[in-house]
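okay, sequence plus prediction incoming.
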Amino acid sequence: MELELRHLRILRAIADAGSLTRAATALGLAQPALSAQLRRIERAFGGALFERGRYGVRATALGELVLERTRVVLPAVSELQREAARFALTRRDTERLRLGATHGPLLGALVDRLADAAPDTTVTTHVSWSERELAELLADGRTDFALAGACGSAPPPGAAHLVWRDIAVDPIFVMLADAHPLAHQREVDLAALADEKWACVPGDGCFGDCFTVACARAGFSPRRMYETDTASCAHLVQVGRAVGLCRATFPPTPGLTTRPLTGTPLHWRHLLGWHPANQRPDVAATVLAQALRAHARTAARCDTYTDWRTRAGHGIRPADCCAVALEEGAV
């Protein structure tokens, strides 16, 4: 794993909080997700950074070394970002929009819509699997808008001073190889996939916990989860290594079939965010309107999603997804 600034911020939050539970609350993460991230960070540094005890965590000698460096690096980088953002604002020669986004077809559709709606505007993009990173880019003024998402009723990522607007709520579909025995079914019962391995793009929200709870309610625990980029997920499914989890707007792909899950146990909220101090209301309204049209256009191109929408009305409500996880102690 390649270390990023957000990993240092996570370590700083754990040290300041003195426990993983309090740090998870401060970061807006589920504790299992934070613990998993800490393990990956520790592997990148080559050793344990914190000792876990009955009353919290304490930095190891290696952890103290890393934390001491973060006290210098993080403030310096934050100040550099603020200065660069201020400089960029004063040096704009042409109109431009900087979009951050998670992986998915909605970003391309939005860029296409903006090309028609604002042909004189230059649009640049930054793609990340981390919704939290996208929120940080907005807060620091390094992007103008962000296409992110949240699982079920989970709160939007980032600080409270950011503005987030819902674009759509989509079901999570399962991605199967065309030759899979269940690919011909109109929808797939999650319990029928108990013996499968899984593939999904990574994230730093509660989706993994909600998926685990959904599997537990179906009577099984997932055998294995491959967390990788969208193209690699598709490849793992195509070659029969795994079945995948994808948004309902996943585009038609040779060798792959997407199907709704019976009862719609998982949902994904598409969100558009911006910093109100950095955007004119008319620009924000234009981008939001185009994002709504982009989603509608993307959804209309997916026959499986169109078929599901004509039959919608079954399963739990989108807002119940994370509530179920909370009740069962996973989040």
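Arrived safely, thanks for sending.

for the protein, what spans make up the helices?
5-17, 20-27, 31-45, 61-90, 105-117, 131-139, 207-217, 230-238, 281-300, 303-310, 320-327 (DSSP state H).

and those helices, which one's lowest on average pLDDT?
The minimum mean pLDDT among the helices of the chain belongs to helix 320-327 (a mean of 38).

which of the helices of the chain is buried the deepest?
Scoring the helices of the chain by mean neighbour count under mean count of other C-beta atoms under 10 Å gives helix 131-139 as the most buried, with a mean of 23. Glycine gets a C-beta too; all of them are placed from N, C-alpha and C.

and it with helix 20-27, angle?
Interaxial angle of helix 131-139 relative to helix 20-27 (axes from the mean of the first three to the mean of the last three C-alpha atoms, to 10 degrees): 40 degrees.

can you tell me which helices and strands helix 131-139 packs against?
If you count contacts as 3 or more C-beta pairs under 8 Å, 6 or more residues apart in numbering; DSSP states H and E, helix 131-139 packs onto helix 5-17, strand 96-101, strand 145-151, strand 267-274.

the same query, at a cut-off of 7 Å, please.
Packing contacts for helix 131-139, counted by 3 or more C-beta pairs under 7 Å, 6 or more residues apart in numbering; DSSP states H and E, involve helix 5-17, strand 145-151, strand 267-274.

now the shortest one, how far from the chain's geometric center?
Same thing as strand 145-151. For strand 145-151, the distance between its averaged C-alpha position and the chain's averaged C-alpha position is 7 Å (C-alpha atoms, centre = their mean, to the nearest Å).

what is the burial count for the nearest residue to residue 227 once chain neighbours are set aside?
Of all residues not flanking residue 227 in the chain, residue 202 sits nearest, at 4.2 Å (C-beta to C-beta, 6 or more residues apart in numbering). Using other C-beta atoms under 10 Å, the number of residues around residue 202 comes to 14.

hang on, residue 202 packs against residue 130?
No - Residue 202 lies out of contact with residue 130 (C-beta atoms under 7 Å); the separation is 8.0 Å.

right, and residue 47 touches residue 61 too?
No - if you go by C-beta under 7 Å, residue 47 and residue 61 don't touch, sitting 9.1 Å apart.

quick one, phi/psi of the closest residue to residue 172 other than its chain neighbours?
Once flanking residues are discounted, residue 172 sits nearest to residue 266: 3.8 Å by C-beta to C-beta, 6+ apart. In terms of degrees, to the nearest 10, the main-chain angles of residue 266 are phi -130, psi 140.

quick one: contacts for residue 266?
Applying C-beta atoms under 7 Å, 6 or more residues apart in numbering, one finds that residue 266 lies in contact with 172, 210-211, 214, 321.

nearest to residue 303, out of the residues you listed: which one, please.
For residue 303, the closest of the contacts of residue 266 turns out to be residue 172, at 17.4 Å, with distances computed as C-beta to C-beta.

kindly state the beta-bridge partners for the closest one.
On the basis of DSSP bridges, residue 172 is bridged to residue 247.

count of residues packed around it?
Neighbour tally, residue 172, other C-beta under 10 Å: 24.

tell me the pLDDT at it?
Confidence per residue is given as pLDDT, and for residue 172 that number is 95.

could you measure from it over to residue 305?
The spacing between residue 172 and residue 305, counted by C-beta to C-beta, to the nearest Å, is 11 Å.

before we move on, what about residue 264?
From residue 264 to residue 305 the distance is 12 Å (C-beta to C-beta).

equivalent analysis for residue 84, please.
40 Å.

domains of the chain?
Domain assignment for the chain by automatic domain parsing gives 5-84, 96-331.

now do the contacts for residue 73.
By C-beta under 7 Å, 6+ apart, the residues touching residue 73 are residue 8.

offset the numbering so it begins at 495, please.
Taking 495 as the first residue, the last one we looked at is residue 567.

name the nearest residue to residue 734, ignoring sequence neighbours.
Closest residue to residue 734 apart from its sequence neighbours, by C-beta to C-beta, 6+ apart: residue 671 at 5.5 Å.
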